[in-house]
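> Sequence and predicted model, in that order:
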Amino acid sequence: MKEMIMILIGASIINNVVLSQFMGICAFLGTSKQLKNSVGMGLAVVFVMTFATLVTYPVYILLDKIDATYLKTVAFILVIALFVQLAEMAIKRFIPPLYKALGVYLPLITTNCAVLGAAITNVDRQYTLAKSLVNSVGTGLGFTLALVLFAGVRYRLESSDIPETFKGVPATLVAAAIVSLSFMGFAGIV
Amino acid sequence: MNIIEPILFFSALGLGAGVLLAAASKIFNVKTDERVEKLTSALPGINCGACGFSGCEGYANAIAKDGAALNLCKTGGAQTLAEISEIMGVEAAAAVPEKAVVRCSGDCEAAGVKYDFEGVKSCAAAEIYYSGYKKCTSGCLGLGDCIKVCPQGAISIKDGIAVVDECKCVGCGICLRECPNGLIALRPVTNKVDYLCMSKNTAKDTVAACKNGCIGCRQCERVCPERAVKVENNHAELDYSKCISCGKCAEVCKRGVISMHICTHYPPLAEKAKHNA
């Protein structure tokens, strides 16, 4: 149990995918403009990560059996794409405004390296299925946390007086760097 | 290296995923409004955004789902309105297509210059310095802010002032927002008369600044049988809803501010689309 909590905290905060490992920056910057969208995007990623892990775990065992682990990237991407499609359909059906707001970033979860990163971390560290799931959920929650925090920062950024040349992308990237710096404070806790 | 097994494995994985997705697409099937597709194809498709929605598809969605007004597409004009009305099953309200007109005739020859402007090539930038480099504070600066936004490439600079090519103009009205002096307006194509000065300066200042400026002599106001012309803010203004295009005001105007607009050809939209393509 203790180990599970350690994995969860480690994955979500200490080794936060976005802010400490630079994974999934594209979606992080693209969908953190509004708090509502960032929560939706984060939950979609949690969904994809969790269910993808459920499938990639047995897939990896099978790949190992036929001695083809070198194909894990391809297999994992396939599985992830499947769940992204499912998530996309579900969101389109049940929450159309969110579907509209997320736009291209929703299908882009497929190539979001945070999702593939979580799946590959699981097999690299030879986690059991339970640990893999905890790690994936933790990573997803970490991604959501980063998005939500940054949405708040960007909200403030919108209304602050920024030099003309810094407006838009530059200010956003500088702000992202500062948020990332703050997460460095967690390093070495576990 | 064993190849058969990975191939079989991936085929099975792919097949499984495919079947699952096919099933999911049945379960999560979203009914799309077929009118949206029809509306999108009826709209001009240049995504000018003049209707206030995000492009033609956005407008089509707004019509079908949120009951947006049908006559917002100025670009498509009467023909599009008729098509949209047919799809939505309502009677089309008659709409006269409109064209943009730049209300300044102070070209290089006519208008005097205050100073040489060597800043950024933008009317908005020049406007900051003493209301522009021309002696007239409300004249067209001819630096082409309107040209940059025109989706049809219908505006060009002729002798230092912006001129709209009426045959290319679709009347979307985007340029109206760009002109720092508010010189561009939409004119119904049925109307042949137009006034080409928006100077708010007094007659004395206008005479000093521009040969073609309106001095507010009120000759036009007197001859107009419909009382469509009014001199306000030191220049003549025309009420299109009253004007009958008789041309009497243009005859009496000594300064050539009011002129008869004669654009002989307004090609129908279908032809124009081909021309643009």
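Received the coordinates, thanks. Numbers count the residues shown, from 1 in each chain, chains lettered A, B, ... in the order given.
> now the closest residue to chain A within the stretch 51-200 of chain B, nearest residue through space, not along the chain?
Per Cβ to the nearest Cβ, residue B:61 is where the stretch 51-200 of chain B lies closest to chain A, at 9.7 Å. C-beta here means a position set from N, CA and C on the backbone, and glycine is covered the same way. Once flanking residues are discounted, residue B:61 sits nearest to residue B:36: 5.7 Å by Cβ to Cβ, 6 or more residues apart in numbering or on different chains.
> Quick check: pLDDT value at the residue of the stretch 51-200 of chain B closest to chain A.
The per-residue pLDDT reported for residue B:61 equals 83.
> which is the next helix or strand following the helix or strand it falls within?
Element membership for residue B:61, per DSSP states H and E: helix B:55-66. Heading C-terminal from helix B:55-66, the first helix or strand you meet, by DSSP H and E, is helix B:77-88.
> Show residues contacting the helix or strand just after that next one.
Going down the chain from helix B:77-88, the next helix or strand is strand B:98-102, by DSSP H and E. Residues outside strand B:98-102 that contact it (Cβ atoms under 8 Å, 6 or more residues apart in numbering or on different chains) are B:74, B:140, B:146, B:154-155, B:161-164, B:166, B:169, B:171, B:173, B:175-176, B:179, B:183-189, B:194, B:196, B:261, B:263.
> Please list the residues of chain A that sit near chain B.
Contact residues (Cβ under 8 Å from any Cβ of the partner chain) of chain A with chain B: A:59, A:62-63, A:66-68, A:71, A:74-75, A:78-79, A:81-82, A:85-86, A:89-90, A:92-93, A:96.
> Now for chain A, the helix or strand with the poorest mean pLDDT.
Ranked by mean pLDDT, DSSP states H and E, the weakest helix or strand in chain A is helix A:96-102, scoring a mean of 81.
> After it, which helix or strand is next? Please name it.
helix A:113-124.
> Need phi/psi at residue B:163.
phi -130, psi 130 (degrees, to the nearest 10).
> Equivalent analysis for residue B:18, please.
phi -60, psi -50.
> Run a quick neighbour tally on residue 87.
The chain I'm using is chain A. For residue A:87, the neighbour count with other Cβ atoms under 10 Å in any protein chain shown is 20.
> Correction: the question concerned chain B.
20.
> what do you get for residue A:131?
16.
> Please parse chain B into its domains.
What automatic domain parsing lists as the domains of chain B is B:34-88, B:98-276.
> mind putting the ones you listed in a markdown table, distance to residue A:1 included?
Converted to a markdown table, the domains of chain B look like this (distance: least, Cβ to Cβ, whole Å):
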| stretch | distance to residue A:1 |
| --- | --- |
| domain B:34-88 | 51 |
| domain B:98-276 | 63 |
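> Next, find the distance separating the nearest residue to residue A:76 once chain neighbours are set aside from chain B.
Of all residues not flanking residue A:76 in the chain, residue A:119 sits nearest, at 4.8 Å (Cβ to Cβ, 6+ apart). Taking Cβ to the nearest Cβ, to the nearest Å as the measure, residue A:119 falls 14 Å from chain B.
> Run through the helices of chain A in chain order.
Using DSSP state H, the helices of chain A run over A:2-9, A:25-30, A:35-65, A:72-94, A:96-102, A:113-124, A:129-159, A:169-183.
> Just give me the lowest mean pLDDT stretch among the ones you listed.
Across these, the lowest-scoring stretch is helix A:96-102, with a mean of 81.
> Summarise which helices and strands that helix is packed against.
helix A:35-65, helix A:72-94 (3 or more Cβ pairs under 8 Å, 6 or more residues apart in numbering or on different chains; DSSP states H and E).
> How about the contacts made by residue B:168?
The contact partners of residue B:168, by Cβ under 8 Å, 6+ apart, come to B:152, B:153, B:154.
> Which among these count as buried?
B:152, B:154 (16 or more other Cβ atoms under 10 Å in any protein chain shown).
> Mind checking which of the contacts of residue B:168 land in strands?
Using DSSP state E, the subset of the contacts of residue B:168 located in strands is empty.
> who's in contact with the residue nearest the centre of chain A?
Computing the C-alpha centroid of chain A and ranking residues by Cα atoms, centre = their mean puts residue A:143 first, at 4.2 Å. The contact partners of residue A:143, by Cβ under 8 Å, 6+ apart, come to A:16, A:17, A:18, A:24, A:28, A:42, A:45, A:46, A:114.
> With residue B:250 instead?
Contacts of residue B:250 by Cβ under 8 Å, 6+ apart are B:193, B:258, B:259, B:260.
> Which strand residues bridge the last one?
With DSSP bridges applied, residue B:260 shows beta-bridge pairing to residue B:193.
> Any stretches of chain B with poor pLDDT?
Applying pLDDT under 70 to chain B picks out residues B:1, B:91-96, B:261-277.
> now do 80
The model of chain B has pLDDT under 80 over residues B:1-2, B:29-34, B:47-52, B:54, B:65-72, B:74-78, B:89-98, B:189-192, B:259-277.
> and stretch B:216-229, C-alpha only, in CSV?
Written as CSV, here are the backbone C-alpha positions of stretch B:216-229 (Å, rounded to 0.1, in the frame of the first residue of the first chain):
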residue,chain,number,x,y,z
GLY,B,216,-20.9,72.2,-47.1
CYS,B,217,-22.4,74.8,-49.5
ARG,B,218,-25.8,73.0,-49.3
GLN,B,219,-26.5,73.3,-53.0
CYS,B,220,-27.2,69.6,-53.1
GLU,B,221,-29.5,69.8,-50.2
ARG,B,222,-31.6,72.4,-52.0
VAL,B,223,-32.0,70.6,-55.3
CYS,B,224,-32.7,67.2,-53.9
PRO,B,225,-36.4,66.4,-54.6
GLU,B,226,-36.5,63.7,-52.0
ARG,B,227,-34.6,65.5,-49.2
ALA,B,228,-32.1,62.6,-49.2
VAL,B,229,-29.0,64.8,-49.0
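> Name the residues that touch it?
B:195, B:203, B:230-231, B:234-240, B:242-244, B:246, B:248-249, B:251-254, B:258.
> now that stretch, how far from the chain's geometric center?
On the basis of Cα atoms, centre = their mean, to the nearest Å, stretch B:216-229 sits 28 Å off its chain's mean C-alpha point.
> Can you give me the buried ones in that stretch?
B:216, B:217, B:219, B:220, B:221, B:224, B:228, B:229.
> what does stretch A:146-165 give?
For stretch A:146-165, the neighbour count (16+ other Cβ under 10 Å) marks A:146, A:147, A:149, A:150, A:151, A:154, A:157 as buried.
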